[in-house]
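In: I'd like to go over a predicted model; first the sequence, then the structure.
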Amino acid sequence: MRFRLIILSIFLSINLFAHDYIEYQRIINRVDEDVISRKYYLAIERLDSLYENFDFIYSRHCFKALQICCKSQDSINAKKWLEKSFIQGVPIWMIRTNTLTKNVFHFTTTQTVIKKYDSLRNIYDKSINHELRNQIDSLFEIDQQHTRRVNDGFILFRHTYYGLRWLRNNKKQFEILNSIIDQYGFPGERIIGLPKSIEDSTQTIKYFNFYGPILRETNAYIMLIHYYSNPRADINRKLFENVKLGNLPPYQYGALNDFMARWGKKKYGDYKYYNVWHKDPDNLNEEEIEKRRNSIGLNSYEQQNRNMLIWRERRKNDIANSEIILE
């Protein structure tokens with residue numbers, strides 16, 4: 001009876017906030033706590049509720065769900081999450097390479113899904129905006145050219161000629177990104193899919209094995225990070241709306257605001273830290289920061305640091321690709 005009540009409460013809470021990706025992220029955070037406590041059955045129930053109530057689920061979380069199913073030998077739910085992983089763009093080589101998810105190829109329940117990989121991949125391809133994907137990739141390549149010159153170019157030019165060109169390019173690309181956000185929404189994974197580079201295992205397998213399955217789209221986010229490395233007016237209202245819609249992950253919103261708080265305070269107002277990338281130097285603000293983090297679905301600062309330490313320890317011991325990913 002107690003187990004049924006727990007599951008019912010999860011189901012009701014999800015339905016009350018259906019399609020609210022702030023609540024979506026809070027549920028994912030609770031899944032992490034279940035995983036750390038080894039309550040895999042409860043983690044699967046929470047993830048099943050997301051499956052039923054959200055049409056878009058981040059590929060990272062599909063992969064996490066599949067890892068949990070494989071860890072707990074739940075072949076029934078593994079079939080569902082393998083299919084969802086393919087639909088959300090996870091390439092089959094990643095499933096084969098991860099120490100946990102590779103076991104899915106031995107389940108009898110998943111054989112039909114594996115055979116449908118090409119057709120499921122086609123669903124993913126049709127769901128994303130390829131023209132916009134190409135545009136963002138082109139903008140990012142220009143951004144990286146300027147950034148490399150600032151970081152690694154001839155030392156006398158780094159903060160003069162190269163630096164000024166970097167700043168001009170940041171402003172130019174912001175205007176383009178801002179227009180894209182107005183027209184399509186924030187160009188993250190939901191709209192443009194995952195980076196093309198992950199489709200080729202030869203390019204990324206060493207990175208994948210060392211860091212674990214980091215399935216994220218970050219090009220537009222990194223370009224905005226560069227833009228907000230100097231005092232700029234914010235677009236927080238539209239960014240926050242995109243967090244709620246599932247276009248912009250909460251950690252990216254929090255990190256962007258950390259840059260605004262660190263570099264933009266004097267000129268544009270009293271921006272607030274979320275302690276995602278930069279930490280507020282005033283420890284007296286910790287309680288307010290926790291409220292701020294929770295308001296966009298982030299886990300606590302303590303949980304964030306704990307998860308980061310776990311990840312670093314896994315990398316140190318060369319087991320990052322053998323454990324269930326955390327936020």
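Out: Cool, got the structure. Computed from a prediction, not measured in an experiment: that's the story for all the values here.
In: just want the most central residue of the protein.
Out: Among the residues of the chain, the one closest to the centroid is Arg216, at 4.8 Å (Cα atoms, centre = their mean).
In: any idea how far Lys80 is from that residue?
Out: 23 Å (Cβ to Cβ, to the nearest Å). C-beta here means a position set from N, CA and C on the backbone, and glycine is covered the same way.
In: for the chain, give me the ranges with low pLDDT.
Out: For the chain, the stretches flagged by pLDDT under 70 are 1-18, 153-154, 156-157.
In: make it 50
Out: 1-17 (pLDDT under 50).
In: now the strands: where do they sit in it?
Out: Assigned by DSSP state E, the chain shows no strands.
In: kindly provide the distance from Gly188 to Thr202.
Out: 26 Å.
In: ok, now His130?
Out: Distance, His130 to Thr202, using Cβ to Cβ: 23 Å.
In: looking at those two, which is more packed in?
Out: Set His130 next to Thr202 and count neighbours by other Cβ atoms under 10 Å: His130 wins out with 12 against 7.
In: next, count neighbours for Ser197.
Out: By other Cβ under 10 Å, neighbour count at Ser197 equals 10.
In: so it touches Gln203, yeah?
Out: Yes. Ser197 lies in contact with Gln203 (Cβ atoms under 8 Å); the separation is 5.3 Å.
In: OK, contacts around the residue lying closest to Asp143 once chain neighbours are set aside?
Out: Among residues not flanking Asp143 along the chain, Met223 sits closest, at 5.1 Å (Cβ to Cβ, 6 or more residues apart in numbering). Going by Cβ atoms under 8 Å, 6 or more residues apart in numbering, Met223 touches 139-140, 143, 170, 173-174, 177.
In: and which of these is nearest Tyr117?
Out: In terms of Cβ to Cβ, no member of these lies closer to Tyr117 than Phe140, at 28.3 Å.
In: what is the neighbour count of the closest residue to the closest one other than its chain neighbours?
Out: Once flanking residues are discounted, Phe140 sits nearest to Asn219: 4.1 Å by Cβ to Cβ, 6+ apart. Asn219: 21 surrounding residues under other Cβ under 10 Å.
In: pull up the gap between Asn219 and Asn122, please.
Out: With distances taken as Cβ to Cβ, Asn219 is found 24 Å from Asn122.
In: next: Leu326.
Out: For Leu326 relative to Asn122 (Cβ to Cβ), the value is 31 Å.
In: what does Ile44 give?
Out: Distance of Ile44 to Asn122, given as Cβ to Cβ: 28 Å.
In: and those two? Which one has more around it.
Out: When Ile44 and Asn122 are compared on other Cβ under 10 Å, the one with more neighbours turns out to be Ile44, at 22 against 13.
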